[in-house]
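I'd like to go over a predicted model; first the sequence, then the structure.
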Amino acid sequence: MDENITQHFRPDEAPFIDAIGEWLQQVADEYRPVLTHFLNPRQVYIATTLARRADVKVQFRGGHEHAEMRRALFFPDYFEPTEADFELRLLLVDYPVKFATLHHSQILGTLLGAGIEREILGDILTDGQVWQVVTEKSMMDYLVGQVDHIGRVKARLTLADFNELIAPLNEWESESATLSSLRLDNIVGTGFHLSRHRAKELIEADHVRVNWTETTKPDYELDVADIVSVRGFGRVRLDEVAGKTKKEKIRVTLAVLKK
């Protein structure tokens, strides 16, 4: 991808931008659809931007309307995507509900411990009791065969139909704020009403992830659609950067999901 494009994104996003460039070129050269693994919200934002610039059509699916993790399908003009083209499968976590409690981190840790990458998994959903996992069709049998425990709880994965999809808990709260910068420590502090010093301590103690990737840099600059996870506090998403105030403060909209 040329420098005119990469200068609009962060340096650490260059490999992903190059990957998108290759997918878009594939669509143009081979005149066929190209399906990706699951993308996080920031990657969806970048993919949408670059596909629009290249005049290539793209759609995203993650198994439910408000999915965070979604697969992208880039396709030529003649192609009309169907749900089947996204090759999604829904797995139910079968465990003794009356005698055990599961947590998102336990399930994700178990699945990653089975030797797969995060990009193979979509959202992990719960209604507070039932747990479901969206994954890729090609990995379904592998995951079903690998999992017999979640943490210390005896559990297994079984295939479910998307008609059985639960209504996931969604307690994201939207709030507007004005910030001096889009630094990571600033947004963590604002999102969870912490001092800048406390936010910096959490980041440097390796308690913070940006788009599911660990970072220990308080001055890491965030951008639209980035999701920040803070251990013990929850998550904050940068939904909008809406210009500056007369005093040069940055207007933003954050979505906060507290633990």
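Right, received. Where do you want to start?

residues touching residue 191, list them.
Residue 191 is in contact with 228, 230, 236, 254, 256, counting by C-beta atoms under 8 Å, 6 or more residues apart in numbering. (Each C-beta comes from the backbone N, C-alpha and C, glycine too.)

what residue ranges in the stretch 1-150 of the chain score low on pLDDT?
Along the stretch 1-150 of the chain, the model assigns pLDDT under 70 to residues 1-6.

Let's see that with 80 instead.
1-8 (pLDDT under 80).

Let me see the ranges of the helices in it.
3-6, 14-30, 41-54, 104-113, 140-146 (DSSP state H, counting those that start in this stretch).

Against which helices or strands is the third one packed?
Right, helix 41-54. The contact analysis (3 or more C-beta pairs under 8 Å, 6 or more residues apart in numbering; DSSP states H and E) places helix 41-54 against helix 14-30, strand 57-61, strand 70-75.

Switch those over to CSV; also include mean neighbour count and distance to residue 86.
Output for the helices and strands packed on helix 41-54, formatted as CSV (neighbours: other C-beta atoms under 10 Å; distance: least, C-beta to C-beta, whole Å):
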stretch, mean neighbour count, distance to residue 86
helix 14-30, 15, 15
strand 57-61, 18, 4
strand 70-75, 23, 5
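
Of all those, which one is nearest residue 168?
With C-beta to C-beta as the criterion, residue 168 lies closest to strand 70-75 of the helices and strands packed on helix 41-54, at 14.5 Å.

and the direction of the closest one versus that of helix 14-30, what angle?
Relative orientation of strand 70-75 versus helix 14-30 (axes from the mean of the first three to the mean of the last three C-alpha atoms, to 10 degrees): 30 degrees.
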